[in-house]
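> got a predicted structure here, sequence first:
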Amino acid sequence: MFHWLYLTTQVVVATVCVILGSYILRAGRSSSRNVHFAVNSLLLFLVILSTILIQLSPDETTAKTIQGIYNILLILFLLASLNFSLLFAGAKPGPLLLAALVPMTLAVFVLFLTRVQSLLVLTRTGGMWVYEMKGNLFWYLLYTPLLAVIITAMLVTLHRFSRSAVTAKERLQARTMTVAILVSCAGGYVFLMILPLLRVYRAPLLTPYFFAIYLYGVFYALDNYKLMVHSIRDCSREVLSQVGDALILLDDRLRIIETGGAPGRLIPDRADGYSGQALGDLVMLNRELEGRLRDMVRGDATPLSARLKFRRDEEVFSDTRFSRVTDRFGDFAAILAVSRESRGIPEFRGYFRLTARETEIVLLTISGLPNGVIADKLSIARRTVETHQTNIYNKLGIGNKLELMAVTAEFGIKA
């Protein structure tokens, strides 16, 4: 009864491995992480297949031969898992790690291919092949240290990545995979190494069950914390289309993810859209505003208001409010810019026949900035600012900043 229960559960675990690998691969074939996870799933499937074939073996010699192949596949699975951890963390194996892994792996492979019959003792118990280790020098001075080096390298890689990760999602991914590794390896070491050595417990290979825990942990980390990043783009078009003002959704490089809202002179409908275009290609973006937006990407949650001039043949201005959008983990998702056209500025400029420079100085002056700050923003001398202000006052027939603010307010222009 236990024999068929064991084989049935092995088949189930193997099938789950294929399903998980296929699901992640279909979620994004262009992602190297997804491809490597699918490879890991295939290797674990082969490990499980070999354990099934061991139990179906007619004699001890055949069972030992297949178990030698099983051990080689298991090491390949662990090496692929280490490679996945390095890829996930954006790290590369150091020379010391390679110097330890390469000779140890080659030695273990050679011994399993040439001397597996003398390294294992298999007995038939209850209709199943169960094993005990023979030749302690090999198992405890070569095989176990190799496994320990691989597992330790995985844990160290994930720990370092978790400490340096920028987003909460990445930290949660690393911690989830770390827990999965610790649980699977601790359980496997106790049941497959310690208990058989102490002759407390003898059973067929249970490795697939433990490493299936690890594989599911990685799957959970990828699916729950990573694949969801597509949602901001997927939902943006529908959400933005419901808003009356002109909207711009920006990524962490200040490139446009999506535009929407009411069509108009700010963001005219365009066949090819604006996705992927830099914000600076759409509006006049000064260094101060760009710097504050990048601070917003890095974590500053303070909303920002600015008057933008759009790059058009005709002058188009807008009053725009920028807000930081986060996901459910508190990580940066996008910057949302809500713009409303300020039609009073072109009318004001045309009525008083102001130049483009004079219009800039008017807007900066009514915002309350000192002349020295205005000069720095426009990269001109303070005396030049004062000259422009004198010309502006003459054109408007006024004599000071308070009167200037009153006139601009009549055109709907506010600081």
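Right, received. Where do you want to start?
> which ones are touching Ile75?
Going by C-beta atoms under 8 Å, 6 or more residues apart in numbering, Ile75 touches Thr105, Val108, Phe109, Leu146, Leu147, Ile150. The C-beta positions use only the backbone N, C-alpha and C, and glycine is treated the same way.
> got it, and Val39?
By C-beta under 8 Å, 6+ apart, the neighbours of Val39 are Gly21, Ala80.
> before we move on, what about Leu79?
Leu101, Thr105, Ile150.
> for those residues, which entry has the maximal number of neighbours?
Ranked by neighbour count (other C-beta atoms under 10 Å), these have Ile150 at the top, with 23 neighbours.
> what strand or helix carries that one?
Following DSSP states H and E, the helix or strand that holds Ile150 is helix 144-164.
> tell me the average confidence for that helix?
Average pLDDT, helix 144-164: 93.
> wait, isn't Val407 in contact with Gly399?
No - counting by C-beta atoms under 8 Å, Val407 stays clear of Gly399, with 11.5 Å between them.
> look at the two and report which has more neighbours.
Val407 (18 against 10).
> any idea of the pLDDT on that one?
Val407 is assigned 87 on the pLDDT scale.
> phi, psi of it?
Val407 has phi and psi values of phi -70, psi -50 when expressed as degrees, to the nearest 10.
> ok, it - contacts?
Leu396, Ile398.
> one more: Ala212?
Residues near Ala212 by C-beta under 8 Å, 6+ apart: Val13, Val16, Cys17, Leu44, Ser184.
> immediately after the helix or strand encompassing the fourth one, which helix or strand?
Leu44 is part of helix 32-55, with elements assigned from DSSP H and E. Scanning the chain past helix 32-55 towards its C-terminal end, the next helix or strand to appear is helix 60-89 (assignment: DSSP H and E).
> pull the distance from the next helix or strand after that next one to the chain's centre.
Once helix 60-89 ends, the next helix or strand along the chain (criterion: DSSP H and E) is helix 95-119. Here helix 95-119 is found 35 Å from its chain centre; the criterion is C-alpha atoms, centre = their mean, to the nearest Å.
> cool, stretch 377-390 as well?
That offset, for stretch 377-390, works out to 47 Å (C-alpha atoms, centre = their mean).
> any chance of the contacts of Ile75 in CSV, plus distance to Arg29?
As requested, these are exported to CSV (distance: C-beta to C-beta, whole Å):
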residue, distance to Arg29
Thr105, 29
Val108, 33
Phe109, 31
Leu146, 32
Leu147, 31
Ile150, 27
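> so which of those residues is the closest to Leu7?
Leu147 (25.7 Å; C-beta to C-beta).
> who's in contact with the closest residue in space to that closest one that isn't next to it in sequence?
Nearest residue to Leu147 in three dimensions, chain neighbours excluded: Leu78, at 6.7 Å (C-beta to C-beta, 6 or more residues apart in numbering). Counting by C-beta under 8 Å, 6+ apart, Leu78 makes contact with Leu147, Ile150, Ile151.
> with Thr65 instead?
If you count contacts by C-beta under 8 Å, 6+ apart, then Thr65 has Val116, Gln117 around it.
> recalculate using a threshold of 10 Å.
Thr65 makes contacts with Leu53, Ile54, Ser57, Asp59, Phe112, Leu113, Val116, Gln117, as judged by C-beta atoms under 10 Å, 6 or more residues apart in numbering.
> correct me, but the first one touches Ala63?
Read it as Leu53. Yes - judged on C-beta atoms under 10 Å, Leu53 makes contact with Ala63 at a distance of 8.7 Å.
> what do those two both touch?
Counting by C-beta under 10 Å, 6+ apart, the residues touching both Leu53 and Ala63 are Tyr70.
> neighbour count for those two, which is higher?
Set side by side, Leu53 and Ala63 show more neighbours around Ala63, with 21 against 16, by other C-beta under 10 Å.
> where's Thr355 relative to Glu60, distance?
97 Å (C-beta to C-beta, to the nearest Å).
> would you say Arg270 is within a helix?
No - checked against DSSP: H, G, I helix; E, B strand; the rest coil, Arg270 lies outside a helix; its state is coil.
> what number of residues lie near the closest residue to Phe37 other than its chain neighbours?
In this structure, Phe37 finds its nearest non-sequential neighbour in Ile24, 4.9 Å apart by C-beta to C-beta, 6+ apart. Counted with other C-beta under 10 Å, the neighbours of Ile24 add up to 25.
> you'd agree Ile24 is up against Asn34?
Yes - in this structure, Ile24 is within contact of Asn34 by C-beta under 10 Å, at 4.9 Å.
> circling back to that earlier point, any chance of the contacts of Leu78 in a markdown table, plus distance to Leu279?
Below are the contacts of Leu78 laid out as a markdown table (distance: C-beta to C-beta, whole Å):
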| residue | distance to Leu279 |
| --- | --- |
| Leu147 | 51 |
| Ile150 | 46 |
| Ile151 | 46 |
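> hang on, the earlier thing: roughly how far is the helix holding Leu44 from the heart of the chain?
With C-alpha atoms, centre = their mean, you get 25 Å for helix 32-55.
> could you list the buried residues of that helix?
34-55 (16 or more other C-beta atoms under 10 Å).
> the strands in this structure, which residues?
Assigned by DSSP state E, the strands in the chain fall at 120-125, 128-133, 246-250, 256-260, 304-310, 316-326, 332-341.
> quick one: buried residues of the longest one?
For strand 316-326, burial by neighbour count (16+ other C-beta under 10 Å) applies to Val316, Phe317, Ser318, Asp319, Thr320, Phe322, Arg324.
> how is the protein divided into domains?
For the chain, automatic domain parsing gives the domain ranges 2-225, 230-342, 345-415.
> lowest average confidence across these, which one?
Of all the domains of the chain, domain 230-342 has the smallest average pLDDT, which comes to a mean of 78.
> tell me the spacing between Met128 and Val11.
15 Å.
> equivalent analysis for Tyr131, please.
Tyr131 sits 21 Å away from Val11, going by C-beta to C-beta.
> among the two, which residue is more densely surrounded?
Each of Tyr131 and Val11 has its neighbours counted (other C-beta under 10 Å); Tyr131 has more, 20 against 13.
> in contact with the more buried one, which residues?
Shown in contact with Tyr131 (C-beta under 10 Å, 6+ apart): 54, 63-64, 67, 119-123, 192, 196, 202-205.
> and the residues you listed, which two are the farthest apart?
Top of the distance list for the contacts of Tyr131 (C-beta to C-beta): Leu119 and Ala203, 18.7 Å.
> what's the closest non-adjacent residue to Cys185?
Excluding the flanking residues, the one nearest Cys185 by C-beta to C-beta, 6+ apart is Ile151, at 5.3 Å.
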